[in-house]
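**Q** Mind folding the following:
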Amino acid sequence: MPQIELDVPSSICPPTRTLKPEALSTLSQHANESTTQCFLLSHWTHLDRSVGYHVPKVFRELEFPCTSLLASIESYGFAVNIPHLLECREKLVDHAQLMERVAHRLSGRLFRLDSPKEISQVLFQWLRLPQLTDAPDHIVAKQRSRLTLFSGRRVLSSRSSSLPRATNTLLLRLSAFHPLPSLIIEWRHIHGVLEKSFASLVSACTLAANDSMVIRPRLAFCAPEHSVLISGDFCQLELRLLAHFSRDANLLDLLAVPESAAVDTRLACAPPPPEQDAFRKLAAHWLKLSSAIEVTPSQRQQAKQLCYALIYGMGAQGLSSQLDITEGDAQNMIDSFLRAFPGIQSFISDTIQSAHRTGRISTLNGRVRILKVLEKPTNLFQPLGERENNMQPSVRSRSQDVRQHFAVAKAERQAVNTVIQGSAAEIAKSAMLAVERRLVEHKGRCQCRLVLHEHDELLYEVTPAHAAPEIGSLIRATMSSTGSDYKLTVPLPIKLRAGQNWAQLDEVVW
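**A** Below is the predicted model:
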């Protein structure tokens with residue numbers, strides 16, 4: 001294809017970026033997308049005419065401005081080293097093929113790792129691994145035994161002759177008996193990344209990482225010449241929101257600003273030193289240790305996983321798989337953790353009860369999530385005798401009851417999770433908009449653009465590089481002040497890092 005000269009204003013296509021001719025092959029697709037985006041943007045700029053009802057504050061002041069800012073991020077782009085990403089992909093493909101060969105050696109026969117049916121046949125018919133059952137199978141078996149007891153009839157299962165499904169949960173439990181299940185889980189992770197999209201390679205940074213093969217796709221995302229990347233990351237945002245909502249006195253005390261930092265605004269916005277790490281202090285209180293210094297890395301990790309397990313609604317079975325312990329030990333850990341922080345248990349119970357009463361839940365900013373399954377009365381909470389009298393000895397009623405049970409359990413997890421993670425997302429969006437407003441004041445002296453928003457992290461590109469300390473200090477202070485805007489009862493320290501590429505950012509104290 002011949003080279004095409006494009007007369008594009010420098011404000012749209014900066015000199016540090018070039019437009020390649022091969023990109024023009026998708027021009028029609030991008031033109032259609034741009035037309036659609038312009039149409040949607042017109043609705044935002046003329047809300048009073050395009051919407052015939054009151055627009056909620058959360059959409060008017062948060063979602064719509066964020067949409068505009070995110071569109072600006074996409075139009076500006078992020079400098080990327082394509083050859084490095086191709087190299088990462090090639091390594092992942094080679095490793096996935098190696099894992100397939102190892103899996104065939106371990107099983108002693110050829111089979112397709114992307115076929116759950118063939119995996120079940122290999123695990124349970126060829127290797128004779130125990131046919132463990134997941135929670136749904138436990139419930140069906142219990143229902144079947146009760147129906148047999150009350151009706152005097154033997155109820156046959158439609159899946160009596162089928163093999164257990166090779167889900168990742170089941171494979172984790174089978175890993176204690178044979179190395180093949182854990183290998184299949186890792187292969188699925190890598191294969192899923194390769195199949196979904198090229199951009200998903202970034203999430204594979206830790207996949208199959210060992211001494212012989214280290215994959216670092218973030219190295220490909222870099223700052224242009226004379227520029228620097230600055231990352232602002234909320235420290236333990238979800239944990240701090242859990243403390244705010246639960247109002248647990250012990251948790252609030254652990255996360256409070258130290259007296260030494262209370263008089264210095266810059267120290268109050270910065271993360272505490274390693275010996276005062278939030279999860280270390282959490283583990284010390286939970287395990288009744290005299291000081292956070294006594295906490296080992298494994299104890300800190302356990303406290304962290306316990307905390308997030310409660311936020312995500314994970315039970316003893318899921319936690320036992322994560323920590324590689326028995327379900328009994330996992331339940332004991334959960335119980336002891338909740339005894340150490342009783343406010344968390346009260347918050348979870350109150351949130352679930354409120355969701356059952358109203359069929360909805362709301363976040364810190366007033367965003368409402370409807371949970372219809374909790375609005376309907378269910379016999380799952382009736383006394384056992386009443387439930388058994390209403391049962392009909394049919395496979396259909398059993399399957400419906402099982403589906404209803406798991407739908408309710410899922411909605412209860414979503415209720416707790418929405419309050420924490422939904423509020424965390426709103427705080428991150430508010431911080432993103434607040435920083436953007438502050439950056440307007442510095443446009444004449446330097447150029448700073450948001451290039452990425454990932455979870456609790458905001459990544460900025462600053463030009464020239466010598467302006468980084470001033471901009472970094474502004475980013476830290478603005479992000480941290482978002483907590484006071486929402487009247488949080490806990491501080492929001494910000495970890496600030498800077499560097500030339502996304503993989504090699506060093507922590508700074510600006």
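**Q** wait, what's in contact with residue 86?
**A** Residue 86 sits next to no residue when contact means CB atoms under 8 Å, 6 or more residues apart in numbering. Where you see a C-beta, it was placed from the backbone N, CA and C, and this is true even at glycine.
**Q** What of residue 166?
**A** Here residue 166 is in contact with 116, 119, 120, 123, 184 (CB under 8 Å, 6+ apart).
**Q** Relative to residue 317, how far out is the residue found closest to the second one once you drop the neighbours it is linked to in the chain?
**A** Here the nearest residue to residue 119 in space, its sequence neighbours aside, is residue 166; by CB to CB, 6 or more residues apart in numbering that works out to 4.2 Å. Computed as CB to CB, to the nearest Å, the residue 166 to residue 317 distance reads 17 Å.
**Q** just to revisit the earlier point, name the nearest of the contacts of residue 166 relative to residue 106.
**A** residue 184 (9.8 Å; CB to CB).
**Q** what's the following helix or strand after whatever helix or strand residue 353 lives in?
**A** Per DSSP states H and E, residue 353 falls inside helix 342-358. Per DSSP H and E, the first helix or strand lying C-terminal to helix 342-358 is strand 360-362.
**Q** Of all residues in the protein, which one is nearest the centre?
**A** residue 455 (7.2 Å; CA atoms, centre = their mean).
**Q** tally of neighbours for the closest residue to that one other than its chain neighbours?
**A** Of all residues not flanking residue 455 in the chain, residue 428 sits nearest, at 7.4 Å (CB to CB, 6+ apart). The local packing of residue 428 (other CB atoms under 10 Å) involves 20 other residues.
**Q** same question, residue 167
**A** Around residue 167 there are 11 residues (other CB under 10 Å).
**Q** So for it, what's the pLDDT?
**A** Among the per-residue scores, residue 167 shows a pLDDT of 87.
**Q** just residue 260 next, same as before
**A** On the pLDDT scale, residue 260 gets 53.
**Q** cool, the one 5 residues further on as well?
**A** Taken from the predicted model, the pLDDT recorded for residue 265 is 57.
**Q** Kindly report the same for residue 60.
**A** With respect to pLDDT, residue 60 has a value of 81.
**Q** my read: residue 418 touches residue 370, true?
**A** No: look at residue 418 against residue 370 with CB atoms under 8 Å: they stay out of range, at 10.6 Å.
**Q** Looking at these two, which is more packed in?
**A** Comparing residue 418 with residue 370 by other CB under 10 Å, the one with more neighbours is residue 418, at 21 against 11.
**Q** got a list of what the more buried one touches?
**A** Applying CB under 8 Å, 6+ apart, the residues near residue 418 are 361, 363, 369.
**Q** try 10 Å
**A** Listed by CB atoms under 10 Å, 6 or more residues apart in numbering, the contact set of residue 418 reads 351, 355, 360, 361, 362, 363, 367, 368, 369, 371, 425.
**Q** again with residue 347
**A** 242, 243, 244, 245, 246, 247, 248, 310, 341, 416, 419, 420.
**Q** what helix or strand is the third one on?
**A** Of the helices and strands defined by DSSP H and E, residue 244 is found in helix 237-246.
**Q** For whatever helix or strand residue 478 lives in, list the C-alpha coordinates in CSV.
**A** Counting by DSSP H and E, the secondary-structure element that holds residue 478 is helix 468-480. Provided in CSV are the C-alpha atoms of helix 468-480 (Å, rounded to 0.1, in the frame of the first residue of the first chain):
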residue,chain,number,x,y,z
ALA,A,468,6.5,15.2,37.4
PRO,A,469,7.1,16.2,41.1
GLU,A,470,4.6,19.0,41.0
ILE,A,471,2.0,17.1,39.1
GLY,A,472,2.5,14.0,41.2
SER,A,473,2.0,16.0,44.4
LEU,A,474,-1.2,17.4,42.9
ILE,A,475,-2.5,13.9,41.9
ARG,A,476,-1.8,12.5,45.4
ALA,A,477,-3.5,15.3,47.3
THR,A,478,-6.5,15.4,45.0
MET,A,479,-7.1,11.7,45.0
SER,A,480,-6.8,11.5,48.8
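**Q** Show me what it is packed up against.
**A** strand 228-234, helix 265-269, helix 423-439, strand 447-454, strand 457-463, strand 494-499 (3 or more CB pairs under 10 Å, 6 or more residues apart in numbering; DSSP states H and E).
**Q** Buried residues, stretch 226-242. List them.
**A** 227-242 (16 or more other CB atoms under 10 Å).
**Q** any idea how far residue 232 is from residue 176?
**A** Residue 176 sits 42 Å away from residue 232, going by CB to CB.
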